[in-house]
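1. I would like the atomic coordinates for the input below:
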Amino acid sequence: MDNMYLDESEEGLVDLNLTQEITKHHKACLKVANETICFTPYALRPETYIVPVVFGIIFFVGLIGNGTLIYTFIKEKTIRNVPNM
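-> Residues are numbered from 1 along each chain as shown. Coordinates of the predicted model:
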């Protein structure tokens, strides 16, 4: 029991000495007591890369649109009235 960490739960003592292995499907598996939990690591999930790209596109479209609006208000004196502001 030197290298083994134990935690008390409802079922009694649970072995927290986790061993990790990568399967051929690029999933990581953790063995906790008598149970194996498999999951896909963050680096291998598509949403890890797709979501920031989509948010970046939304950010730049908004930046360009708001910049164009500010530029138009600065250059065109005739549209500077209460309903347009």
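2. helix or strand right after the worst-scoring helix or strand of the chain on mean pLDDT?
-> The weakest-scoring helix or strand in the chain, judged by mean pLDDT, DSSP states H and E, is strand 19-22 (a mean of 43). Per DSSP states H and E, the first helix or strand lying C-terminal to strand 19-22 is strand 28-32.
3. Describe which strands that next one pairs with in its sheet and in which direction.
-> strand 19-22 (antiparallel), strand 35-39 (antiparallel) (DSSP bridges).
4. I'd guess Y49 is in a strand, am I close?
-> No: per DSSP: H, G, I helix; E, B strand; the rest coil, Y49 lies outside any strand segment and is helix.
5. pLDDT value on it, please?
-> For Y49, the pLDDT comes out at 93.
6. now this structure, which segments are flagged as low pLDDT?
-> 1-26 (pLDDT under 70).
7. tell me the domain ranges of it?
-> Structural domains assigned to the chain are 6-41, 47-84, following automatic domain parsing.
8. For the ones you listed, please prepare TSV with the additional fields mean neighbour count.
-> No exception for glycine: its C-beta is placed from N, CA and C like everyone else's. Listed next are the domains of the chain as TSV, based on neighbours: other Cβ atoms under 10 Å:
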stretch	mean neighbour count
domain 6-41	11
domain 47-84	10
